[in-house]
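Asks: With the sequence up front, the predicted model follows.
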Amino acid sequence: MRSMRLIRKPARPAKPIYSAGDILTLKSGGRPMTVTWSGPVLFAPGNWLICQWFSDAGDLQQEMFPEVTLERAHDALAA
């Protein structure tokens, strides 16, 4: 007789708060960034976002951030 093992499904992350096209900044400050992708990732819990922005030198920058570290930019037109 085989023993049954229950397999737990991983918890489903909450629906992302932000979506592609939103203008955000880090809660700790920094340049306004445009969201290009949002959703869950395999390597960490919660929702993550890929954001792009231009550096002071005009170079396009891109990075991935946990959703909880971002907030809507207060003055997106100043970007």
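Replies: Looks like it arrived, so ask away.
Asks: number of nearby residues for Phe65?
Replies: Using other CB atoms under 10 Å, Phe65 is surrounded by 16 other residues. The way it works is simple: take the backbone N, C-alpha and C, and place the C-beta from them, glycine included.
Asks: SS state for it?
Replies: Under the three-state scheme (DSSP: H, G, I helix; E, B strand; the rest coil), Phe65 adopts strand.
Asks: List the beta-bridge partners for it.
Replies: Leu49 (DSSP bridges).
Asks: show me the contacts for it.
Replies: Taking CB atoms under 8 Å, 6 or more residues apart in numbering as the criterion, Phe65 is in contact with Leu26, Trp48, Leu49, Cys51.
Asks: ok, Gln61 to Ser55 distance?
Replies: 5 Å (CB to CB, to the nearest Å).
Asks: Of those two, which one has the most company?
Replies: With neighbours defined as other CB under 10 Å, Gln61 and Ser55 compare such that Gln61 has more, 12 against 9.
Asks: give me the element the more buried one is part of.
Replies: Using DSSP states H and E, Gln61 falls within strand 60-66.
Asks: For the next helix or strand after that strand, give the mean pLDDT please.
Replies: With elements assigned by DSSP H and E, the helix or strand that comes after strand 60-66 is strand 70-72. Computed over strand 70-72, the mean pLDDT rounds to 96.
Asks: residue ranges of the strands in the chain, please?
Replies: 23-26, 33-40, 47-54, 60-66, 70-72 (DSSP state E).
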